[in-house]
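Asks: whatever this is, show me its structure:
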Amino acid sequence: MAKTLYKNKNLYAVRIGWEMNGNWYPWSVTGTGGYNQSPANYIAVFQRMANIFRANAPGVKIEWSTNWCYTSSYGSSNTPLINYWPGKQYVDIISMDIYEKDQGASNPFSFTAYQGVYI
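Replies: This is a model prediction of the structure:
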């Protein structure tokens, strides 16, 4: 895949292990979804994948993306996000997924509550 992206010569971003602080993907670091990856394992795999893409598709940007809500009551880890950080030499783009669940402005985990902060 990396070589194909490189040959195409367009600008691409590759998102490796997104929303790792949730419990819904095999690379998730919480055990509540049946997955139980350690932050150290997540970082090692992220760095390996980033190295593969950098070696085979030098122009591809590497994205590190968390889920916006990282409390266990919402199915995510309470582990601080810095514990998943693979290192600045492996990341070109930092992003965060934010979902509106129509919870209203009174809920601190509602996107509505943060309107004006993120927009």
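Asks: counting by contacts, list what the longest helix seen in the chain packs against.
Replies: Scanning the chain for the helix with the most residues, using DSSP state H, yields helix 39-56. If you count contacts as 3 or more Cβ pairs under 8 Å, 6 or more residues apart in numbering; DSSP states H and E, helix 39-56 packs onto helix 2-8, strand 61-67. Just so you know, the C-beta spots here come from the backbone N, C-alpha and C atoms, and that holds for glycine as well.
Asks: lowest average confidence across these, which one?
Replies: Among the helices and strands packed on helix 39-56, helix 2-8 carries the lowest mean pLDDT, a mean of 63.
Asks: partner strands of the very next helix or strand once past that helix, parallel or antiparallel?
Replies: The helix or strand immediately downstream of helix 2-8 is strand 13-15, counting by DSSP states H and E. With DSSP bridges as the test, strand 13-15 is paired with strand 61-67 (parallel).
Asks: between helix 39-56 and the partner strand, find me the angle.
Replies: Computed by axes from the mean of the first three to the mean of the last three Cα atoms, to 10 degrees, the angle separating strand 61-67 from helix 39-56 equals 160 degrees.
Asks: residues contacting the longest helix of the chain, please?
Replies: Helix 39-56 is touched from outside by 2-3, 5-6, 14, 16-17, 20, 27, 29, 60, 62, 64, 79, 83-87, 90-91, with contacts defined as Cβ atoms under 8 Å, 6 or more residues apart in numbering.
Asks: distance-wise, check residue 51 relative to residue 43.
Replies: 12 Å (Cβ to Cβ, to the nearest Å).
Asks: of those two, who's got more company?
Replies: Just comparing residue 51 and residue 43: by other Cβ atoms under 10 Å the higher neighbour count belongs to residue 43, 20 against 13.
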